[in-house]
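Trainee: Quick one: sequence and predicted model below, then my questions.
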Amino acid sequence: MILEPEVETRPWEEQLALDDVSYRAQLAYLFERSAFYREKLGAAGHGSAEEAGGLAEIARLPLTEKQEVKATATRENPFGAHLCAAPSELVRIYSTSGTTGTPSFVPLTARDLNDWVTGSARSYAASGVTPGRRIVSTYTAGPFVAGAALESFERIGLCHIPVGIGNSERLLAAVELLEPEAVVLTPSYAAHLIEWAAERGFDLTGSSVERVLVAGEPGGGEPAFRRVLEQGWGARVTEAMGIGDIGISLWGECEEQDGMHLGARGFVHPELIDPESGVALPLEDGAGGELVLTHLRHQAAPLLRFRTRDHVEVRMGPCPCGRTGPRVRCIGRTDDMLIVRGVNVFPSAVRDVVSAFAPRVSGHVLVRPRSPGVKQEPPLPVRVELARGEPGDSVLADAIRDRLRSVLVVQTRVELVPFGALGRSEYKSKLVER
Ligand SMILES: [Zn+2]
């Protein structure tokens with residue numbers, strides 16, 4: 001189902017023309033209201049919105065790093081100097097989990113929140129869920145932005161059954177008794193539940209679930225890992241992706257399963273950059289790089305050329321579903337990336353290559369870099385967990401090592417460990433241990 005056909009099938013050139021108008025207005029708004037961007041753009045030699053130009057010139061403007069915004073938060077203004085709205089205009093304040101301790105706050109006006117839910121609803125509707133049927137969610141509606149995604153299920157016309165995080169009994173009871181069409185969860189949790197259900201004699205493949213919607217971490221789009229999830233659930237797996245500071249479920253995959261469409265089109269402008277140099281790359285079919293996002297009509301705390309740290313591959317060709325514009329597949333977080341003798345290696349890509357050895361392996365892997373930092377000397381140690389009852393042997397270990405070398409061009413040392421030896425997660429998986 002296409003939620004808003006006139007928007008989602010609009011030729012991309014027309015979309016860009018509309019977005020250019022929004023973008024110029026957003027820039028004017030930033031110059032008027034954002035102390036952060038007045039200073040930042042001024043320092044880069046851009047004294048006015050007119051001078052900064054339109055979307056065609058956006059690559060001339062500086063990139064925004066999360067840390068630099070966060071550094072402007074003070075006791076008096078805990079949001080940071082990019083806050084543009086008056087306190088009375090805010091209707092919701094989320095926090096991002098933040099690895100550094102202090103949370104960063106994400107304020108929204110009523111229109112911002114509505115745009116978030118609209119974009120998210122388009123993204124999730126792309127998965128093929130149908131109005132009138134049921135969806136079980138496992139996200140908490142707590143402090144984190146993911147809570148807003150839950151509102152999009154209502155917008156699509158689904159009956160939403162929240163079961164929260166970390167309650168597998170309740171989840172399987174809901175699946176068994178309420179017969180939902182879909183579940184939404186992280187790919188790690190989807191994988192964990194396959195084992196969990198099997199241990200209890202519950203046949204997930206025979207359940208009512210036809211669609212498994214994964215989000216929250218990279219991996220759901222990787223072919224071999226996806227195959228494991230689809231076989232375990234007997235359902236179609238599609239993924240969605242957002243980023244806390246910009247918006248929830250900005251991207252959502254359709255039933256063609258060939259990358260995520262931009263559900264938040266009209267609200268957010270995507271760019272691609274080389275993560276090393278920061279240089280803008282053309283958004284063309286087959287291109288890869290870090291995703292950079294710009295708000296087009298945000299009110300509370302708009303961001304310009306925000307570095308997401310998500311490394312994506314782009315598809316620009318037509319999609320049989322009829323939606324237009326770029327599609328992306330997330331390869332991994334640039335923060336998780338290792339460089340082994342000049343070659344970029346994403347732990348989620350390692351997991352995908354290893355998953356192709358199912359049913360002999362469980363699909364759980366742990367990359368264990370030997371030195372701190374990004375650059376590593378080969379061989380890169382990788383622990384691979386065997387499937388239940390699988391003894392494993394050096395022939396299997398060698399085959400996995402050889403496949404990793406041919407697919408990812410990385411030399412590894414593969415250590416097979418028994419089933420259950422690696423940690424499981426009901427939220428996001430830890431794929432790297434230092
Ligand atoms: Zn499509």
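Mentor: Everything's here; your move.
Trainee: just checking, Gly259 touches Gly252?
Mentor: No: using C-beta atoms under 8 Å, Gly259 is not in contact with Gly252, being 10.3 Å away. In this view, the C-beta of every residue, glycine as well, is placed from N, C-alpha and C.
Trainee: Quick check: residues of this protein near the ion?
Mentor: The interface of the chain toward the ion, taken as C-beta under 5 Å from the ion, is made up of Cys254, Glu256, Cys319, Cys321, Arg323.
Trainee: correct me, but the third one touches His261?
Mentor: Okay, so that is Cys319. Yes: if you go by C-beta under 8 Å, Cys319 and His261 touch, sitting 7.2 Å apart.
Trainee: When those two are compared, which one has more neighbours?
Mentor: Comparing Cys319 with His261 by neighbour count (other C-beta atoms under 10 Å), the higher total belongs to His261, at 28 against 19.
Trainee: From Gly252, how far out is the more buried one?
Mentor: Separation of His261 from Gly252 (C-beta to C-beta, to the nearest Å) stands at 6 Å.
Trainee: for Arg360, same thing?
Mentor: 33 Å.
Trainee: related to what we said a few turns ago, next, show the common contact partners of Cys319 and His261.
Mentor: By C-beta atoms under 8 Å, 6 or more residues apart in numbering, Cys319 and His261 have these common neighbours: Cys254, Arg327.
Trainee: For the helix of greatest length in the chain, buried residues please.
Mentor: Counting by DSSP state H, the longest helix found in the chain is helix 12-33. Buried residues in helix 12-33, counting neighbours by 16 or more other C-beta atoms under 10 Å, are found at 15-16, 19-20, 22-24, 26-27, 29-31, 33.
Trainee: will you turn the residues you listed into a markdown table that also has pLDDT?
Mentor: As requested, the buried residues of helix 12-33 are exported to a markdown table (pLDDT from 0 to 100):
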| residue | pLDDT |
| --- | --- |
| Gln15 | 98 |
| Leu16 | 98 |
| Asp19 | 98 |
| Asp20 | 98 |
| Ser22 | 98 |
| Tyr23 | 98 |
| Arg24 | 98 |
| Gln26 | 98 |
| Leu27 | 98 |
| Tyr29 | 98 |
| Leu30 | 98 |
| Phe31 | 98 |
| Arg33 | 97 |
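Trainee: still on that earlier bit, tell me which of Arg360 and Gly252 has more neighbours.
Mentor: Gly252 (29 against 16).
Trainee: Three-state assignment for the more buried one, please.
Mentor: Using DSSP: H, G, I helix; E, B strand; the rest coil, the structure places Gly252 in strand.
Trainee: which SSE is the residue lying closest to it once chain neighbours are set aside in?
Mentor: Counting by C-beta to C-beta, 6 or more residues apart in numbering, Gly252 lies nearest to Ser123, which is 2.6 Å off, once chain neighbours are set aside. Secondary structure assignment for Ser123, by DSSP states H and E: helix 110-125.
Trainee: Need the mean per-residue confidence for that helix.
Mentor: Averaging pLDDT along helix 110-125 gives 97.
Trainee: Now do the helix or strand immediately after that helix in the chain: which elements does it pack against?
Mentor: Using DSSP H and E, the helix or strand that directly follows helix 110-125 along the chain is strand 134-137. Contacts defined by 3 or more C-beta pairs under 8 Å, 6 or more residues apart in numbering; DSSP states H and E place strand 134-137 against helix 146-156, strand 159-162, helix 168-178, strand 182-185.
Trainee: between the buried residues of helix 12-33, which is nearest the ion?
Mentor: Closest approach to the ion among these (C-beta to the ion): Gln15, at 15.2 Å.
Trainee: and the helices and strands packed on strand 134-137, which is most packed in?
Mentor: strand 182-185 (a mean of 26; mean count of other C-beta atoms under 10 Å).
Trainee: For it, which strands pair with it and how are they oriented?
Mentor: strand 134-137 (parallel), strand 211-214 (parallel) (DSSP bridges).
Trainee: Could you count how many residues lie near Val106?
Mentor: 24.
Trainee: Name all residues that make contact with Tyr427.
Mentor: Contacts of Tyr427 by C-beta under 8 Å, 6+ apart are Ile165, Gly166, Thr186, Ser188, Tyr189, Gly216.
Trainee: Kindly apply the preceding question to Pro372 instead.
Mentor: Arg434.
Trainee: Is it part of a helix or strand, or is it coil?
Mentor: On the basis of three-state DSSP, Pro372 is classed as coil.
Trainee: Check the one 10 residues further on too.
Mentor: Three states are possible here, and by three-state DSSP the one that applies to Val382 is strand.
Trainee: Can you name the residues that contact Arg211?
Mentor: Contacts of Arg211 by C-beta under 8 Å, 6+ apart are Ser127, Gly128, Val129, Glu181, Ala182, Val183, Ala235, Arg236, Val237, Thr238.
Trainee: ditto for Arg360
Mentor: Here Arg360 is in contact with Leu386, Ala387, Glu390, Gly392, Leu396 (C-beta under 8 Å, 6+ apart).
Trainee: Show only the entries of those found in helices.
Mentor: Using DSSP H, these in helices are Leu396.
Trainee: ok, so of the contacts of Arg360, who is nearest the ion?
Mentor: Out of those, the member with the shortest distance to the ion (by C-beta to the ion) is Ala387, at 33.5 Å.
Trainee: Tell me the residue of the stretch 101-250 of the chain that sits nearest the ion?
Mentor: Ala126 (6.6 Å).
Trainee: what mean pLDDT does the host helix or strand of Thr308 have?
Mentor: In this structure, Thr308 sits in strand 306-315 according to DSSP H and E. If you average the pLDDT over strand 306-315, you get 96.
Trainee: That one - contacts with which helices or strands?
Mentor: Looks like strand 306-315 contacts strand 236-243, strand 268-273, strand 288-295, strand 327-333 (3+ C-beta pairs under 8 Å, 6+ apart).
Trainee: and the ones you listed, which is most packed in?
Mentor: By mean count of other C-beta under 10 Å, these have strand 236-243 as the most buried, with a mean of 25.
Trainee: what angle do the strand holding Thr308 and strand 236-243 make?
Mentor: Calculated by axes from the mean of the first three to the mean of the last three C-alpha atoms, to 10 degrees, strand 306-315 forms an angle of 150 degrees with strand 236-243.
Trainee: ok, and what's touching strand 306-315?
Mentor: 63-66, 218, 241, 243, 245-246, 258-259, 272-273, 275, 283-294, 326-335, 337, 344, 346.
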